[in-house]
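**Student:** Dropping the sequence and predicted coords here.
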Amino acid sequence: INIRTVQGDQLFRVVAELQDRSQMQDAGNEDKNERINAKLHELLELLPELMDLDDLAERLETRGPMQTAFYQECERMNLLLGELQKSLTELDLGLSGALA
């Protein structure tokens with residue numbers, strides 16, 4: 001019985017500590033959201049434009065193994081940049097409450 005009492009006391013102590021932290025965090029949520037929003041817009045501005053693969057294909061006169069690997073990496077980079085753009089845009093919509 002004593003072991004369960006000690007465990008119960010520890011559990012209530014941890015819950016009380018967590019409640020205090022969450023109440024303190026509520027006061028700083030607005031500032032935190034502003035920082036997140038600023039960083040989000042900064043990242044969106046830093047994203048480079050997608051590469052023009054048609055232009056790149058025209059400029060690659062000979063298609064050896066190195067050129068093919070380079071072109072494939074450019075394709076993958078465009079996919080990655082597209083996903084980053086999409087994710088950051090969705091995050092922005094979610095933070096603003098516009099995402100349904």
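**Tutor:** On my side now, so go ahead. Since this is a predicted model, take the numbers as computed values, not measurements.
**Student:** Tell me who's in contact with Gly64.
**Tutor:** Gly64 makes contact with no residue, according to C-beta atoms under 8 Å, 6 or more residues apart in numbering. Just so you know, the C-beta spots here come from the backbone N, C-alpha and C atoms, and that holds for glycine as well.
**Student:** 10 Å instead, please
**Tutor:** For Gly64, the contact set (C-beta atoms under 10 Å, 6 or more residues apart in numbering) comprises Phe70.
**Student:** Could you measure from it over to Asp55?
**Tutor:** 19 Å (C-beta to C-beta, to the nearest Å).
**Student:** Ok, Gly94 next?
**Tutor:** For Gly94 relative to Asp55 (C-beta to C-beta), the value is 35 Å.
**Student:** Kindly report the same for Leu84.
**Tutor:** According to C-beta to C-beta, Leu84 stands 22 Å off from Asp55.
**Student:** More neighbours: which of the two?
**Tutor:** Under the neighbour definition other C-beta atoms under 10 Å, Leu84 and Asp55 were set side by side, and Leu84 has more, 13 against 9.
**Student:** now the more buried one, nearest residue through space, not along the chain?
**Tutor:** Sequence neighbours aside, Leu47 is the residue nearest to Leu84 in space, at 6.1 Å (criterion: C-beta to C-beta, 6 or more residues apart in numbering).
**Student:** That's all I had, so thanks and see you.
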